[in-house]
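**Student:** any chance you can model this:
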Amino acid sequence: MWDPDGKIPERMGTLMCVKGLLIDLDGVIYVGDTPIDGARNAIAFLVQNDIPFRFLSNTTRKSRRTIAGKLAAMGFEIPEEHIFTPPLAAIAHMRKTGRNRYHLLTTGDVDQDFNDIGLNDGTGLVDYVILGDAGDAVTYNSLNRAFRQLMGGAELIALERDRYWLSGDGLALSAGPFVTALEFATGKKATVVGKPSRAFFELALQEIGLHRDQVAMIGDDIVTDIEGAQAAGIRGILVRTGKFREQDLTPGGIIPWKTIDSIAGIKEIL
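**Tutor:** Numbering: from 1, shown residues only. Next up is the predicted model:
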């Protein structure tokens, strides 16, 4: 049984049935614009066998619509509503607090996901500075503007705080280092709404309609995906694709429930 805090018990047998999956995208389904070998067949297997799944991505460069289009171009017919990204959690947080003036520091078209929530005002007073993976939009001036807004009373929302990700030409810094810089400079603690935030996992659990002990998370990041899922009471399946490094499996470190070569091996677990 699961404890009241939703943490994974020390002894978790393989007899517990996985009835649904939460799946990372970048590094698990594709790298860059290239699908992982066997990924299309794995998703087709889930659809054919009525196994519910949702994609949980920390991608903050693309809107959900753009992500769905990218998946379609690679041969995955996935409804936009099956894709959970940090902006959904940020919007839920803002609606809960009743404050919706924000300044968004990201790149790409992720700003489209915020169209219905409030005012993106980078010049006046704001309630929130929302920081994601901003790529080349991260400059001294852009960070200093965010710094001044935070010192003026705004709160910091981190769409994600991954350390790095695997881009088409190699490892690349993600939002985490810049979130940490703003925290250090302002003395404020960011509210993290993407993985590994427990609230983010719970949004997907509500949508998938299963209890946490019936679901597993598949990811390539030992901290964000696996440790984050396990802290939310969800089993973690680590894949040896994407940003995975063998040193992720150091003795005494984070222990996944299962480790598989790629998502193509998911058929052997379900």
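**Student:** wait, residue 89 sits on residue 200?
**Tutor:** Yes. Shown here, residue 89 and residue 200 form a contact pair, counting by Cβ atoms under 8 Å, at 4.9 Å. For glycine as for every other residue, the C-beta is placed from the backbone atoms N, C-alpha and C.
**Student:** intersection of neighbour lists for these two?
**Tutor:** By Cβ atoms under 8 Å, 6 or more residues apart in numbering, residue 89 and residue 200 have these common neighbours: 193, 194.
**Student:** where does this structure have its least confident helix or strand?
**Tutor:** Counting by mean pLDDT, DSSP states H and E, the chain has its least confident helix or strand at strand 119-120, which shows a mean of 67.
**Student:** what's the first helix or strand after that strand?
**Tutor:** strand 128-131 (DSSP states H and E).
**Student:** can you list the residues that contact that next one?
**Tutor:** In contact with strand 128-131 (Cβ under 8 Å, 6+ apart) are residues 90, 94, 99, 101-106, 114, 146, 149-150, 154-159, 175, 178-179, 182, 190.
**Student:** recalculate using a threshold of 7 Å.
**Tutor:** 90, 94, 102-105, 146, 149-150, 154-159, 175, 178-179 (Cβ atoms under 7 Å, 6 or more residues apart in numbering).
**Student:** what helix or strand is the closest residue to residue 78 other than its chain neighbours on?
**Tutor:** Nearest in space to residue 78, with sequence neighbours left out and distances taken as Cβ to Cβ, 6 or more residues apart in numbering, is residue 71 at 4.9 Å. Using DSSP H and E, residue 71 sits in helix 64-73.
**Student:** where in the stretch 1-150 of the chain is pLDDT low?
**Tutor:** 1-16, 119-124 (pLDDT under 70).
**Student:** show me where the protein has helices.
**Tutor:** For the chain, the helices defined by DSSP state H cover 39-48, 64-73, 86-97, 140-151, 176-186, 198-208, 228-231.
**Student:** deepest of these, which one?
**Tutor:** Across those, averaging neighbours per residue (mean count of other Cβ atoms under 10 Å) puts helix 228-231 on top, at a mean of 23.
**Student:** break the chain into its domains for me.
**Tutor:** With domains defined by automatic domain parsing, the chain comprises 20-42+51-56+195-217+227-268, 97-192.
**Student:** need the winner for burial among these.
**Tutor:** Most buried among these, given mean count of other Cβ under 10 Å as the contact rule, is domain 20-42+51-56+195-217+227-268, at a mean of 19.
**Student:** how near is the nearest residue to residue 45 once chain neighbours are set aside to residue 27?
**Tutor:** Among residues not flanking residue 45 along the chain, residue 267 sits closest, at 5.6 Å (Cβ to Cβ, 6+ apart). For residue 267, the distance to residue 27 equals 20 Å [Cβ to Cβ, to the nearest Å].
**Student:** contacting residues for the spatially most central residue of the chain?
**Tutor:** For the chain, the residue nearest the mean C-alpha position is residue 58 (2.9 Å; Cα atoms, centre = their mean). By Cβ under 7 Å, 6+ apart, the residues touching residue 58 are 86, 160, 162, 194, 195, 224.
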